[in-house]
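Enquirer: model this:
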Amino acid sequence: MCGGRGTRLRPLTFDRPKPAIPILNKPSVARLVDHLSNNGFTDIVVTLGYMGEHIEEVLGDGSLYGVSIHYVYEDEPLGTAGSVKNAQKLLDGEPFLVVGGDHVTDVDLRRFYRFHLHHDSPVSIGLICIDDPSGFGIADVDVNGNILRFKEKPSVGEIFSNLASTGMYVCDPMIFDYIPEGKYDFAYNLFPSLMEKGYIIKGYLMSGHWSDVGSPEAYREASKWMLENLTETRITGTLNTKSSKLWGKLSIGGNISIGMNSSLVGPIVIGENTTIGDNVLIGPYTSIGSGCVIRDNSKILSSYLYDRVCIGCGTTVSGSIVDSDTTIGNDCTLESGCVIGPRTVIKNGVVVHSGVRIWPEVVVPDGEVVKENLFNYEYECEIEGS
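Expert: Numbers count the residues shown, from 1 in each chain. So this is what the prediction gives:
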């Protein structure tokens with residue numbers, strides 16, 4: 001399912017849909033398709049809405065990933081169940097797995113699918129234990145995996161379980177008989193309806209890592225997890241370095257230049273054709289895209305820079321996300337949790353406070369202290385929702 005507008009991730013979703021956001025310089029949906037392929041799911045249907053053509057550009061026909069991909073567009077938002085109903089002609093005949101296009105996971109999905117096949121249930125829900133389930137659907141299950149209660153996005157006083165729905169389901173095609181045409185949701189509509197009709201819905205308790213990249217916080221968490229999974233240092237192509245120090249696990253692209261007395265502390269991923277100046281400190285838990293320039297005496301700590309980003313001399317970027325083609329001047333400070341949109345220009349001596357978002361193509365003058373979100377009103381400003 002790749003139809004959402006990604007409003008909670010703005011300004012990162014103005015140039016691309018949410019599933020195409022890069023995680024360690026690779027679109028997250030491509031990582032998901034890799035995982036599906038490795039789990040034996042080779043016939044994939046992708047439901048598309050907002051900027052769906054970008055998903056097609058990333059995935060193509062699926063042959064690069066060893067799968068076959070078909071695309072189904074929706075003209076207007078149909079909800080989670082409605083979008084799957086829209087693809088019914090490609091899904092009838094046998095049980096199928098539903099996943100969100102923004103999911104980042106290492107869960108054994110083949111085992112989940114087999115669990116469903118061994119039980120007589122119209123749908124099985126993938127559940128995972130999390131500390132704060134308030135932003136998810138939650139379920140109460142018995143010892144046999146039968147779901148006794150299900151509540152979508154519970155409020156305070158309603159959190160009866162820490163078993164959160166991952167939004168991954170295995171469904172029998174019979175569910176199409178209970179999904180009407182138009183907008184309809186799995187969690188809010190279908191599951192309560194099936195339970196009221198007496199059907200038993202199964203809950204599958206998952207182990208492993210799962211995240212939906214639905215917010216900047218979730219994006220940083222997923223990126224950090226992927227960085228932790230680097231297994232070795234890998235350098236592709238030419239690396240020019242002058243007495244720099246490289247520590248930990250690093251994945252470095254071709255044609256990289258690192259100046260004198262710079263220090264890279266992994267885990268770090270760096271794309272190709274990137275230049276790093278003298279006395280620069282990078283890492284850990286940082287990814288830098290292709291064609292970037294990191295000038296002298298700067299610090300990049302636990303941050304995620306996309307392609308063609310320029311960081312000025314003496315600038316510190318901490319725990320932030322910086323979209324492509326952005327220029328940040330000299331002696332700037334980006335505090336933790338900043339999200340900077342594409343083609344933004346931040347001039348010299350600017351301080352951006354923690355959690356601030358700056359919209360695409362905004363120009364921040366010299367010496368500004370940015371305490372609140374800066375919008376470009378040529379773009380939508382809503383940051384709540386999907």
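
Enquirer: going forward, measure contacts between C-alpha atoms and count neighbours the same way
Expert: Fine.

Enquirer: residue ranges for the helices of the stretch 201-350 of the chain, please.
Expert: 216-228 (DSSP state H, counting those that start in this stretch).

Enquirer: Paired strands for the helix or strand bottoming out on mean pLDDT in the chain, with orientation please.
Expert: Ranked by mean pLDDT, DSSP states H and E, the weakest helix or strand in the chain is strand 234-235, scoring a mean of 86. Strands flanking strand 234-235 in the sheet, each with its direction: strand 250-252 (parallel) (DSSP bridges).

Enquirer: top strand in this protein by residue count?
Expert: strand 163-171 (DSSP state E).

Enquirer: isn't residue 113 right up against residue 168?
Expert: No. Counting by Cα atoms under 8 Å, residue 113 does not reach residue 168; the two are 10.4 Å apart.

Enquirer: Residue 72: neighbour count?
Expert: For residue 72, the number of neighbouring residues by other Cα atoms under 10 Å comes to 17.

Enquirer: who are the neighbours in contact with it?
Expert: Counting by Cα atoms under 8 Å, 6 or more residues apart in numbering, residue 72 touches 45, 46, 47, 48, 86, 87.

Enquirer: make it 7 Å
Expert: By Cα atoms under 7 Å, 6 or more residues apart in numbering, residue 72 lies in contact with 46, 47, 48, 87.

Enquirer: give me the low-pLDDT residue ranges for the stretch 251-386 of the chain?
Expert: 386 (pLDDT under 70).

Enquirer: if we go to 90?
Expert: For the stretch 251-386 of the chain, applying pLDDT under 90 flags the ranges 384-386.

Enquirer: re the thing from before, run the chain-centre distance for the next helix or strand after the longest strand of the chain.
Expert: Once the chain leaves strand 163-171, the next helix or strand it forms, by DSSP states H and E, is helix 191-196. How far helix 191-196 lies from its chain's middle: 30 Å, per Cα atoms, centre = their mean, to the nearest Å.

Enquirer: and of the contacts of residue 72, the nearest to residue 297?
Expert: residue 48 (44.1 Å; Cα to Cα).

Enquirer: So what sits opposite the closest one in the bridge?
Expert: residue 2, residue 73.

Enquirer: Return the distance of it relative to residue 286.
Expert: 31 Å (Cα to Cα, to the nearest Å).

Enquirer: Residue 229 too?
Expert: For residue 229, the distance to residue 286 - Cα to Cα - is 13 Å.

Enquirer: Look at these two and report which has more neighbours.
Expert: For residue 229 versus residue 286, the count of surrounding residues by other Cα under 10 Å is larger for residue 286: 29 against 11.

Enquirer: The more buried one contacts residue 302, doesn't it?
Expert: Yes. Judged on Cα atoms under 7 Å, residue 286 makes contact with residue 302 at a distance of 4.6 Å.

Enquirer: any idea how far residue 375 lies from residue 38?
Expert: 41 Å.

Enquirer: my bad, residue 222
Expert: Counting by Cα to Cα - residue 222 and residue 38 are separated by 19 Å.

Enquirer: Please identify which of the two sits among more neighbours.
Expert: Neighbour tally, residue 222 and residue 38, criterion other Cα under 10 Å: the higher count belongs to residue 222, 23 against 16.

Enquirer: For the more buried one, report the pLDDT, please.
Expert: The score at residue 222 is 94. That number is its pLDDT.

Enquirer: contacting residues around it?
Expert: Contacts of residue 222 by Cα under 7 Å, 6+ apart are 104, 211.

Enquirer: give me the number of residues near residue 380?
Expert: 13.

Enquirer: how about residue 71, what does it touch?
Expert: By Cα under 7 Å, 6+ apart, the neighbours of residue 71 are 45, 46, 47, 48.
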